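**Q** coordinates only, no sequence provided:
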């Protein structure tokens, strides 16, 4: 299960990088009124890339709603004991089924990214 979780994270990161690149190119075009400023990618290439992103998204398995400690550790890129410490300190909480809701993991990832910005 950990390998498939890592594959999902890798796919998501690749899609994010490609979409950020497209956004930068679109912003550069919108700021420029000069006809000489042409994007490095054609509309067909952009559509092909978007199609690939949709195909990758459809091919991946859905994200689990509730995670085990091991799955949470994989998503957070920390060890299982670290996730256990996060649970004991109250940073994360189990639901009634003894699993960690995915929303808590998303929040923890967002907070850690915010720390490093």
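**A** Arrived safely, thanks for sending. In this text, all values refer to a predicted model and were calculated from it rather than measured experimentally. Numbering: from 1, shown residues only.
**Q** so where's this structure uncertain?
**A** Scanning the chain for pLDDT under 70 picks out the ranges 1-7, 30-40, 61, 117.
**Q** show me where it has helices.
**A** Defined through DSSP state H, the helices belonging to the chain, from first to last, are 2-31, 43-59, 69-76, 80-89, 102-115.
**Q** of all those helices, which one is nearest residue 95?
**A** Evaluated over the helices of the chain, closeness to residue 95 peaks at helix 102-115, with 9.0 Å, by C-beta to C-beta. The way it works is simple: take the backbone N, C-alpha and C, and place the C-beta from them, glycine included.
**Q** can you tell me what sits against that closest one?
**A** The contact list for helix 102-115 (C-beta atoms under 8 Å, 6 or more residues apart in numbering) reads 63, 64, 65, 66, 67, 72, 75, 76, 86, 91, 92, 93.
**Q** what angle do helix 69-76 and that helix make with each other?
**A** Counting by axes from the mean of the first three to the mean of the last three C-alpha atoms, to 10 degrees, helix 102-115 points 30 degrees away from the direction of helix 69-76.
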